[in-house]
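Trainee: need the 3D shape of this:
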Amino acid sequence: MSTVPTPAGETALYLPVKRFLETLGFDVKGEIGACDLLALKEGKPAFVVVCELKLQFNLELVLQGVDRAPAVDEVWLAARLSARGKGREGDRRFRDLCRRLGFGLLGVDASDGVQVLLSPDSPSPRKNPKRRSQLVSEHRRREGDPAVGGGSRRPIMTAYRQEALRCAAALAAGASRPRDLRPACPRALAILRRNVYGWFTNPARGLYALTPAGFEALERWPQPSPEARSEASAEALSEP
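Mentor: As a prediction, the model looks like this:
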């Protein structure tokens, strides 16, 4: 009987940190725009939080936070707590550096409990509104939370890849026209023409079909049928 593999490395920190931020009222998703974890609290404007993950607190983690800071309202750095209590989290100089930068620190213990080591300071003025807008847009467009934060070797399930997979699923039964795919994917024509992943072919004018790579993608990332997707949407709309 197959078992679900236990997350390893930085991805093992993702769920504990995600749950922590969800208790604060955030909608949390992993691997958004190179951020290990992006949390969104809707409002006018939305409040955007990034959290970067490492197995231990180090300078590289701080530098990642510095890189993300101009696009978000709040930065958290999370790492596994040292079993012997000799990690950077206990270094006053490290904490002072993060305090000066306005970063929060989260420690994840051996039982996946999350401790607030340092609360983030008042957010500094945003300096990169374009980058911020891209992050918020990707978070809102992506369905569910298909990418575990902290990973770097697997293809990231972006909102664009999700749309391309919906197009592929609609073409699994045979060649079709872009306009026939619009109910499943409103941007079907643009996605089919760009063919970023090499999943589509154009056997005749106005018709598109799947390549072997497209069928392989559907095996790797199975998609619900259009009927199942419609039922799920109807149920979501009927909920109070």
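
Trainee: okay, now the domains of the chain?
Mentor: As assigned by automatic domain parsing, the chain contains the domains 9-141, 159-238.

Trainee: right, so of those domains, which gets closest to residue 148?
Mentor: domain 9-141 (4.7 Å; Cβ to Cβ). Quick note: C-beta positions are derived from backbone N, CA and C, even for glycine.

Trainee: still on that earlier bit, can you lay out the domains of the chain as CSV showing distance to residue 147, mean neighbour count and mean pLDDT?
Mentor: What follows is these, written out as CSV (distance: least, Cβ to Cβ, whole Å; neighbours: other Cβ atoms under 10 Å; pLDDT from 0 to 100):
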stretch, distance to residue 147, mean neighbour count, mean pLDDT
domain 9-141, 4, 17, 89
domain 159-238, 10, 15, 85
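
Trainee: kindly reformat those as TSV containing distance to residue 148.
Mentor: Listed next are these as TSV, based on distance: least, Cβ to Cβ, whole Å:
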stretch	distance to residue 148
domain 9-141	5
domain 159-238	14
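
Trainee: which one, of those domains, ends up nearest to residue 150?
Mentor: Of the domains of the chain, nearest to residue 150 by Cβ to Cβ is domain 9-141, at 3.2 Å.

Trainee: now for the residue nearest to residue 29 when sequence neighbours are not counted: which residues touch it?
Mentor: Spatial nearest neighbour of residue 29, chain neighbours left out: residue 145 (4.5 Å); criterion: Cβ to Cβ, 6 or more residues apart in numbering. Contacts for residue 145 (Cβ atoms under 8 Å, 6 or more residues apart in numbering) come out as 18, 28-30.

Trainee: now, among the residues you listed, which is nearest to residue 75?
Mentor: Once Cβ to Cβ is applied, the member of the contacts of residue 145 that ends up nearest residue 75 is residue 28, at 14.7 Å.

Trainee: parallel or antiparallel, which strands does the helix or strand hosting that closest one pair with?
Mentor: If you go by DSSP states H and E, residue 28 is part of strand 27-32. With DSSP bridges as the test, strand 27-32 is paired with strand 35-41 (antiparallel).

Trainee: ok, back up a step: what distance separates the strand holding residue 28 from the centre of its chain?
Mentor: Distance of strand 27-32 from the chain centroid (Cα atoms, centre = their mean, to the nearest Å) equals 4 Å.

Trainee: same question for stretch 52-68.
Mentor: Worked out by Cα atoms, centre = their mean, stretch 52-68 lies 17 Å from the chain centre.

Trainee: sec struct for residue 85, please.
Mentor: coil (DSSP: H, G, I helix; E, B strand; the rest coil).

Trainee: ok, now how distant is it from residue 109?
Mentor: 11 Å (Cβ to Cβ, to the nearest Å).

Trainee: likewise residue 161?
Mentor: Taken as Cβ to Cβ, the span from residue 161 to residue 109 is 34 Å.

Trainee: mind checking how far residue 164 is from residue 199?
Mentor: From residue 164 to residue 199 the distance is 6 Å (Cβ to Cβ).

Trainee: no, scratch that, I was asking about residue 63
Mentor: 36 Å.

Trainee: cool, and residue 160?
Mentor: Distance from residue 160 to residue 199, by Cβ to Cβ: 12 Å.

Trainee: what do you get for residue 81?
Mentor: In terms of Cβ to Cβ, residue 81 sits 43 Å off from residue 199.
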